[in-house]
Each structure stands twice: as C-alpha cells, then as structure tokens.
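*Asks:* Sequence plus the predicted model coming up.
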Amino acid sequence: MTVVPAQQTGGSGGTSGLYDVLELVLDRGLVIDAFVRVSLVGIEILKIDIRVVVASVDTYLRFAEACNRLDLEAGPRKSPGLPDLVGEITESGARGKSKGALGGAAETISDAFRQAREEGQEAPRRTTKRTASRKRQEEAE
Amino acid sequence: MTTYIYGIVRRSHPNPPKDMGGIGDPALPVRIVTGGELSALVSDAPENLRPKRNDLLAHQNVLSEAGAGGPVLPMRFGSTAPDDKTVAAVLEERAAHYAERLEALDGKVEYNVKATHDEEAVLHRVMGENPEIRTLTEANRQAAGGTYEQRLRLGEMVVQAVQAREAADAVEIQQELEGVAADVSVGPQSTGWLANVSFLVDRDDTEQFLASVDKLRGDHPHLDLRVNGPLPPYSFVEPGPAPHAAQTAGH
C-alpha cells in the first residue's frame, strides 16, 4: 500500500482520518473545464455517513430512551442557560420526517448505542463509526 | 497517451516531485509539463482510471510532496487531458489566474475540521440547560418510561434541543478558529457532520491553530472534533466562496 501522508490527525484518527482526507481529494480541488474528469460512479458510498440528529419518530423514541437511561449525577449539570435560543432554532428544524433511509440509519445507531450501554462501554458511537469506516475502506479498495 | 494532472506549481518551484510514484499499479512516474511560468505535475493516466483508494492516496502524496517545497494548486482527483500539449496550453492560457492563486496560497496549508456530538455528553448538556426536559424525564422515569405519547413528547423536545446545539456549536467552532486562519471554506452540509469546515492557515501559525482546537475541545467536552492537516489547500483553489465556474470565466 502507498504510504499514508504525514499529517497530524486529531479525534479518532486512524482510518477515519484517512477517509476525511480522501473526501477532500474527491470533493474539492481545482477543476478545469478543458480537462476531462474520471467518472465517479460508485464512489457515493463514501459519503453516506449519517451522524447528525434527524427529526423522526424513531429518533424521538430513541432519545427519550437515552434520557431515561442517562445517569444525571455522572455528568456536568449546568443551570439552564439558553432556553430562548433553543426555542428559536428548532422552528427551522426538519420536523416530522417520516421513517426512511435516515430513520433506518438512526435505528442502527440506536441499536449500537443501546447495546454499548448495556455492555457498559464508554463510547458507543465510536463503535458505529469504526464499523462504518471499515466498510468504506473495503468499498474503496 | 492520456495525461493525468495532479496539480499546478510555479515553474520556479525548487523541488517538484519529478519521478515520484503517482497513480496506477505499478505506480506511474510523475513528470513535469511546463507552459509559460507555470508547471503541471502530471503522469500518464492508467487505463480505466477509477477512484480507488490507492490512487486517491497517490494523488494526495504527490501534492503533499510538492507542497513541502512551494505553493501548489491541487487538482480535484481524476482530471485528465488528451496529451501534455493540451496541459501546457491551459497553463499559458490562464497563467494570470493561476499565478494569483499560487501567490495567495504561498506559505499556507489547509486544516479540515469536522465535528460531531458525543451523544451522552450532549444529552447531559441539553438536560442541564433545559429544566422542562429534566422534569419530563423525571416524570417518565417514575412512570416506568412513560406512555408512548409521553416518550414521543420528551424525545421531540430533546431532539430539538440537540439540533439547536448542533447549529450553535457549528457557528462557535468557526468563530473560535477563524481568527487564526487566513481564510475559511465551509464544506458541503448534510454529509453527517454538525460542522465540516476547512481553514487556510499560515505555516507559521499552525501551532497556534492547533492550540485553539485543543482549547475548543477542552471547553466543549460534548464535541468530537477531528482535525486533518496540514494538507494541500484543496478548498482554496478559487478565490472567495463562489463556485469556480464564474471565476474561471472572468479570467
């Protein structure tokens, strides 16, 4: 395999760091209309990586569950600070999206989250991320 | 033979990565095509070029190597021309435009920052900020989880609060880091990040930039920040935030 470029990678690093760089190689950089670009059919799989919170019934139930399980004493408890901001921004949020591809992704994450909670792991979401990265790596090979 | 283009450098670049292994298997050697005061880093294009991982990496490595010796305009992966002559002609035709960009990017590198929430930490945070959510959670707990409607109502409130945090955090990340950067380029949304922002940073300021990232991490434990760099300035090959087409036409 080609040598991985020398770089400082923060966060989870490793494969995901490599993925972050490849995304830039594919998505950005100079495009000159006099040149022909290789077809990127099949590469879309690289970009499917839903991790932001999507409004749907599934997500609501998942978060209600997560709240019920949350150990309030374990984390920082701050006094209420931003109620106005919260009310304002949510108006523009994607409300009432029905179950679809995104709902499916949320479900998968939900399962991993619940499973990890039960196993007492400390970073459940990372588990999902690694699996996804590994999958992407295989797809890109 | 089709020519594959990696990037554009000044003709005076002290150390272009000539003969370095590029894309293809086996790796095709990098050549230099010169037109006017500019040079393009090229190699032959392999047949059936596809965005394979090793080729993407090779593209990136050639540009990193070139960037170490002087400014480089990175091409997006996969650009080919019918022959070297066509490449040289493009360099001469748009010399002024590319020279301006090389000047603007001289001594600078790109750092890409992506952010997600640590779910448990962000739940703690929104609960701390929102007494109504705390009250509802407590009520549901005492009612063995609550009815379907109660859970739905709590979940909706939490999701809205988390989404609001995503938006607020995206703004804050950019504000905190752009002070150390020469330029900022916000990446496409909806690829799964609450923030995906590239910063153009002077090589002399990289330590300060990374220190700002660390501070951000320390101040916001609910944020998972992923920083990649220094990279060739992929996101800054065109001036300003507007799409390329308009600008190339004007030059």
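*Replies:* Thanks, I have the structure now. Residues are numbered from 1 along each chain as shown, chains lettered A, B, ... in the order given.
*Asks:* Do you know the pLDDT at residue 78?
*Replies:* No chain in the question, so chain A it is. We have a pLDDT of 39 for A:K78.
*Asks:* looking at chain B here, not the other one
*Replies:* Per the predicted model, pLDDT is 91 at B:G78.
*Asks:* What about it, how many residues nearby?
*Replies:* Neighbours of B:G78 under the rule other CB atoms under 10 Å in any protein chain shown: 26. From N, CA and C alone the C-beta is placed, and that goes for glycine too.
*Asks:* Correct me if wrong: it contacts B:P51.
*Replies:* Yes: at 6.5 Å, B:G78 and B:P51 qualify as touching, with contact defined as CB atoms under 8 Å.
*Asks:* Can you name the element that comes right after the helix or strand harbouring B:E92?
*Replies:* Assigned by DSSP states H and E, B:E92 belongs to helix B:84-93. Later in the chain than helix B:84-93, the nearest helix or strand by DSSP H and E is helix B:95-105.
*Asks:* related to what we said a few turns ago, pLDDT of the helix holding B:E92, averaged?
*Replies:* pLDDT averaged over helix B:84-93 gives 96.
*Asks:* Not counting that helix itself, show me its contacts.
*Replies:* A:32, A:34-35, B:3, B:5, B:8, B:31, B:33-36, B:38-40, B:42, B:81, B:98 (CB atoms under 8 Å, 6 or more residues apart in numbering or on different chains).
*Asks:* if we go to 6 Å?
*Replies:* A:A34, B:T3, B:V33, B:G35, B:G36, B:L38, B:A40, B:A81 (CB atoms under 6 Å, 6 or more residues apart in numbering or on different chains).
*Asks:* how deep is the third one tucked in, by neighbour count?
*Replies:* Pointing back at B:V33 there. With other CB under 10 Å as criterion, B:V33 counts 21.
*Asks:* likewise the fifth one?
*Replies:* Look at B:G36: counted by other CB under 10 Å, it has 15 neighbours.
*Asks:* any idea which element the residue of the stretch 151-251 of chain B found nearest chain A lies in?
*Replies:* Relative to chain A, the nearest point of the stretch 151-251 of chain B is B:G155 (2.9 Å; CB to the nearest CB). Take DSSP H and E as the rule and B:G155 turns out to sit in helix B:148-178.
*Asks:* show me what contacts B:R50?
*Replies:* No contacts exist for B:R50 under CB under 6 Å, 6+ apart.
*Asks:* Low-confidence bits of chain B, can you list those?
*Replies:* B:189-191, B:240-251 (pLDDT under 70).
*Asks:* quick check: domain ranges of it?
*Replies:* Structural domains annotated on chain B: B:3-106, B:110-236, as defined by automatic domain parsing.
*Asks:* of all the ones you listed, which lies closest to A:L70?
*Replies:* A:L70 lies closest to domain B:110-236 among these, at 5.5 Å (CB to CB).
*Asks:* how long is the closest one from one end to the other?
*Replies:* 8 Å (CA to CA, to the nearest Å).
*Asks:* Give the closest residue to residue 21 in space, chain neighbours not counted.
*Replies:* This is for chain A. B:N228 (5.5 Å; CB to CB, 6 or more residues apart in numbering or on different chains).
*Asks:* Chain B, not that one
*Replies:* B:A27 (3.2 Å).
*Asks:* thinking the one you found is in contact with B:D19, fair?
*Replies:* No: B:A27 is beyond contact range of B:D19, at 10.5 Å (criterion: CB atoms under 6 Å).
*Asks:* what about these two, which has more around it?
*Replies:* Using other CB under 10 Å as the criterion, B:A27 and B:D19 rank with B:A27 on top: 18 against 11.
*Asks:* Which secondary structure state does the more buried one sit in?
*Replies:* Under DSSP: H, G, I helix; E, B strand; the rest coil, the three-state class of B:A27 is coil.
*Asks:* from chain A, which residue is nearest to chain B?
*Replies:* A:Y60 (2.9 Å).
*Asks:* Does that residue touch B:E156 like I think?
*Replies:* Yes: at 4.9 Å, A:Y60 counts as touching B:E156 under the criterion of CB under 6 Å.
*Asks:* tell me how far the ends of stretch B:73-88 are from each other?
*Replies:* 15 Å.
*Asks:* Go through that stretch and flag the buried ones.
*Replies:* Neighbour-count burial for stretch B:73-88 flags B:73-81, B:84, B:86-88 (criterion: 16 or more other CB atoms under 10 Å in any protein chain shown).
*Asks:* now swap in stretch B:194-207 and tell me
*Replies:* Applying 16+ other CB under 10 Å to stretch B:194-207 flags B:L194, B:A195, B:N196, B:V197, B:S198, B:F199, B:L200, B:V201, B:D205, B:T206 as buried.
*Asks:* Those residues: which two are farthest apart?
*Replies:* B:L194 and B:D205 (25.1 Å).
*Asks:* circling back to that earlier point, whether the next helix or strand after the helix holding B:G155 contacts chain A - can you check?
*Replies:* Counting by DSSP H and E, the next helix or strand C-terminal to helix B:148-178 is strand B:183-186. No: when contact is scored as CB under 6 Å from any CB of the partner chain, no part of strand B:183-186 falls within range of chain A; the minimum is 7.9 Å.
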